[in-house]
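Asker: need a structure here:
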Amino acid sequence: MAKSARPRAANPRSSAPKPAAVAASVSDVSAALSSPVEDDATFALRSLQQSHANNKRYDASDAELLKFYEQMVLIRRFEEKAGQLYGLGLIGGFCHLYIGQEAVAVGLQSALNEGHDSVITGYRDHGHMLAYGIDPKVIMAELTGRGAGISRGKGGSMHMFSTEHKFFGGHGIVGAQVSLGAGLAFGHKYRDDGGVCMAYFGDGAANQGQVYETFNMAALWKLPIVFVVENNGYAMGTAVKRGSAETHFYRRGTAFRIPGMPVNGMDVLEVRQAAEVALEYVRGGNGPVLMELNTYRYRGHSMSDPAKYRSREEVQEMRDKHDPIEGAKQELLKRGVTEEAIKDIDKKIRQQVAQAADFAESSPEPDMAELYTDVLVEKY
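Answerer: Presented below is the predicted three-dimensional model:
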């Protein structure tokens, strides 16, 4: 018996008109495919780099620049004294100095609403507290483990904290402060108080996984947070190019649609201007910004680091040609501020730091009962 013939398949090249339903679905797919392209174009236009490039330096008044200079000198002299006290055995544990990076904290935090906007950073934290107007005496007392310290002597160098001043640490776990910063930013958004969080981390911490989880969440929820990479070029002791595939850290947020800005972190006026651009964007409800502050620490990673991974000549060149304090001083001299006025500031700061050290050394250690306080949160 002969086999019945199979029905012939429709000719795929047939020019017969498509049913309306098929035409509609093709149109929908086409629209879906084209919309991300338009979206990407919009995203490219919202980059803040051009805005910063068009006007790189903040137009500070003489009084403002004098204040920036004074704050940077305070941080420098305070950290030098901390290094001396560490050498004398009066500061225990780890101690990470901020010498060389002063323009970052001063330039950025001078643009914040002190005591309202939140600040959080890693273990190199003394400079950020001083830049936020916290009394050098209580910071030095904390360094030396005294009861008069800002964390009652229980935090030491790496774990200082002050809810009153909206400074939330001082964190020893690399990169952990970034996630906590997103929580602080969420709190500002939840309360609708207009505040932002500034979360600092280093070029080494930038390779931590939790940083990118936080980027994603912050962008998704449009949290009011400024992520600040303090890129000092060596992380804990490894040159950036040896430890990071992408060495332009301001690009790290691109996958999460977070605009980035590269900034000269050795020029306090450029830092302040970049802060103005970033904060205007964030306060406008647009979500986070990622700033890369290219800076340089003159000392090692910590007091125990001999910094043999770089030459003395390199460090000296940075001191001679890029020092943020010297740069601000030259700007002041150009404006007509006298050498005598600048020397008076330096003298006043040295006295202030000496008083802070005397206060710390003469303050008693915490009572033994302090071992049992601040263990649990008793009320919210």
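Asker: Now do the strands in the chain.
Answerer: Defined through DSSP state E, the strands belonging to the chain, from first to last, are 118-120, 197-202, 225-231, 260-264, 289-294.
Asker: In JSON lines: those strands, plus mean pLDDT, mean neighbour count and distance to residue 277.
Answerer: C-beta: built from backbone N, CA, C; applies to glycine. Putting those into JSON lines (pLDDT from 0 to 100; neighbours: other Cβ atoms under 10 Å; distance: least, Cβ to Cβ, whole Å) gives the following:
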{"stretch": "strand 118-120", "mean pLDDT": "98", "mean neighbour count": "28", "distance to residue 277": "19"}
{"stretch": "strand 197-202", "mean pLDDT": "98", "mean neighbour count": "27", "distance to residue 277": "14"}
{"stretch": "strand 225-231", "mean pLDDT": "98", "mean neighbour count": "28", "distance to residue 277": "10"}
{"stretch": "strand 260-264", "mean pLDDT": "95", "mean neighbour count": "23", "distance to residue 277": "7"}
{"stretch": "strand 289-294", "mean pLDDT": "97", "mean neighbour count": "26", "distance to residue 277": "8"}
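Asker: quick one, which of those is nearest to residue 362?
Answerer: Across these, residue 362 has its closest neighbour in strand 118-120 (29.2 Å, Cβ to Cβ).
Asker: What lies in contact with the closest one?
Answerer: By Cβ atoms under 8 Å, 6 or more residues apart in numbering, the surrounding residues in contact with strand 118-120 are 109, 112, 128, 132, 166-169, 171, 177, 180-181, 184-185, 187-188, 195-200.
Asker: same check, this time on stretch 357-376
Answerer: Taking Cβ under 8 Å, 6+ apart as the criterion, the residues outside stretch 357-376 that touch it are 81, 85, 90, 137, 140-141, 143-149, 152-154.
Asker: between the strands of the chain, which one is nearest to residue 64?
Answerer: Evaluated over the strands of the chain, closeness to residue 64 peaks at strand 260-264, with 18.2 Å, by Cβ to Cβ.
Asker: Sheet partners, orientation included, of that closest one?
Answerer: strand 289-294 (parallel) (DSSP bridges).
Asker: give me the low-pLDDT residue ranges for this protein?
Answerer: Screening the chain residue by residue with the criterion pLDDT under 70, one finds the ranges 1-46, 379-380.
Asker: Which stretches in it count as helices?
Answerer: Taking DSSP state H to define them, one finds helices in the chain at 20-45, 49-54, 62-87, 102-109, 126-131, 136-143, 176-191, 209-220, 240-243, 268-283, 312-322, 324-334, 339-362.
Asker: Next, format these as CSV and append mean neighbour count.
Answerer: Converted to CSV, those look like this (neighbours: other Cβ atoms under 10 Å):
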stretch, mean neighbour count
helix 20-45, 10
helix 49-54, 13
helix 62-87, 20
helix 102-109, 29
helix 126-131, 27
helix 136-143, 26
helix 176-191, 20
helix 209-220, 18
helix 240-243, 13
helix 268-283, 22
helix 312-322, 12
helix 324-334, 18
helix 339-362, 15
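Asker: Using CSV, lay out those helices together with distance to residue 233.
Answerer: Conversion of the helices of the chain to CSV gives the following (distance: least, Cβ to Cβ, whole Å):
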stretch, distance to residue 233
helix 20-45, 29
helix 49-54, 21
helix 62-87, 19
helix 102-109, 13
helix 126-131, 17
helix 136-143, 26
helix 176-191, 20
helix 209-220, 18
helix 240-243, 6
helix 268-283, 17
helix 312-322, 10
helix 324-334, 15
helix 339-362, 28
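Asker: ok, back up a step: so which of the contacts of stretch 357-376 would you say is closest to residue 102?
Answerer: Set against residue 102, the nearest of the contacts of stretch 357-376 by Cβ to Cβ is residue 81 (14.5 Å).
Asker: got the contact list for that closest one?
Answerer: With contacts taken as Cβ under 8 Å, 6+ apart, residue 81 has the following neighbours: 140, 353, 354, 356, 357.
Asker: Relative to residue 350, how far out is it?
Answerer: As for residue 81, its distance to residue 350 is 9 Å (criterion: Cβ to Cβ, to the nearest Å).
Asker: Residue 221 too?
Answerer: Residue 221 is 46 Å from residue 350, where distance means Cβ to Cβ.
Asker: Surely residue 51 is in contact with residue 277?
Answerer: Yes. In this structure, residue 51 is within contact of residue 277 by Cβ atoms under 8 Å, at 5.2 Å.
Asker: now residue 208, nearest residue through space, not along the chain?
Answerer: Using Cβ to Cβ, 6 or more residues apart in numbering and skipping residues adjacent in sequence, the residue nearest residue 208 is residue 175, 3.3 Å away.
Asker: Next up, phi/psi of the one you found, please.
Answerer: Its backbone dihedrals place residue 175 at phi 90, psi -10, with angles given as degrees, to the nearest 10.
Asker: Compute the number of surrounding residues for it.
Answerer: Using other Cβ atoms under 10 Å as the criterion, residue 175 is surrounded by 20 other residues.
Asker: which ones are touching it?
Answerer: Residues in contact with residue 175 (Cβ under 8 Å, 6+ apart) are 201, 205, 208, 210, 211.
Asker: Look up how far residue 257 lies from the third one.
Answerer: From residue 208 over to residue 257 the distance is 20 Å, taken as Cβ to Cβ.
Asker: again with the first one
Answerer: Using Cβ to Cβ, one obtains 20 Å as the distance from residue 201 to residue 257.
Asker: follow-up on the earlier one: show me the two of the contacts of residue 81 that sit farthest apart.
Answerer: Checked with Cβ to Cβ, these reach their widest spread between 140 and 354, with 10.3 Å between them.
Asker: Surely residue 165 touches residue 133?
Answerer: Yes. Taking contact to mean Cβ under 8 Å, the distance of 7.3 Å between residue 165 and residue 133 places them in contact.
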